[in-house]
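# Return atomic coordinates for the entry below.
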Amino acid sequence: MIDVRRAKERGHANHGWLDTWHTFSFSGYYDERFMGFRTLRVINEDTVAPGQGFPPHGHRDMEILSYVLEGGLEHKDSLGTGSVIRPGDVQRMSAGTGVRHSEFNASRAEPVHFLQIWIEPAKTGIAPGYEQKAFSEADKRGRLRLVASPDGAEGSLTIHQDARVYATVLAPGEAVTHRLAPRRHAWVQVTRGALTVGGEPLAQGDGAAISAEADVLIVGETDAEALLFDLP
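Next up, the predicted model:
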């Protein structure tokens, strides 16, 4: 079964400095039908104006991934970490018992466009942690590149949940297939271009929940990029 979440149906807010789209209920957007999918709680697609950003704020008991599509996102946190996340980079922040951080556009001239993703941890009250790794476009081209997993397999980030996150970049007609184990589920989020999932057409910003399927077939319609979440 494939259930599509169209980009234009997501929650939306434009604060001037921030243009944000919420796949699931978040902040001032609430829809009881879209509270998350399995352990995937948040997918926010954010565009932040030059020199603007989120001032220091706190999180607890959440695995937070940032995936930059364009520009640079400057991160600072109460763990003493400071970095700029650019396209190809994936950042993981485990909020655990509590962490404060800020996120600002690193440029005074160009916007930054990124996804912020929250995954519920398998266990609460863990020590906060931070990790960032780069995955080149060539490494994702024509394949599903593992970028986050519970055991850090294949050089991926380590998250505190039995979930796996893959990134792929596809040319028109190029295909990848992901095998789902019994009682596992998947979410596919299109970050660029257009593709099909199980024959269902999806465009940028669209998402699809997949359950009770053995295989997830993704085929590029245009040059496309997507994330696939394999979830318990």
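# Enumerate every residue touching A127.
Applying CB atoms under 8 Å, 6 or more residues apart in numbering, we find A127 in contact with S94, G96, T97. In short, each C-beta sits where N, CA and C put it, glycine included.
# hang on, the last one packs against G125?
In other words, T97. Yes - with contacts counted by CB atoms under 8 Å, T97 reaches G125, the gap being 5.8 Å.
# and for the two, which residues touch both?
Residues within reach of T97 and of G125 at once, by CB under 8 Å, 6+ apart, are D61.
# mean confidence score for stretch 214-222?
Rounded to a whole number, the mean pLDDT of stretch 214-222 is 98.
# State the pLDDT value of P56.
On the pLDDT scale, P56 is placed at 79.
# Can you flag the buried ones in the contacts of A127?
By neighbour count, with 16 or more other CB atoms under 10 Å, these hold S94, G96 as buried.
# Show me what L217 is bridged to.
Under DSSP bridges, the beta-bridge partners of L217 are T177.
# Wait, G71 touches P111, no?
Yes - using CB under 8 Å, G71 is in contact with P111, at 5.9 Å.
# quick one, helices of the protein?
For the chain, the helices defined by DSSP state H cover 137-140.
# Just want to know which of G71 and P111 has more residues nearby.
Set side by side, G71 and P111 show more neighbours around G71, with 21 against 16, by other CB atoms under 10 Å.
# low-confidence ranges in this protein?
Applying pLDDT under 70 to the chain flags no residue at all.
# try it again with 90
53-59, 74-83, 93, 95, 99-102, 104, 106, 129 (pLDDT under 90).
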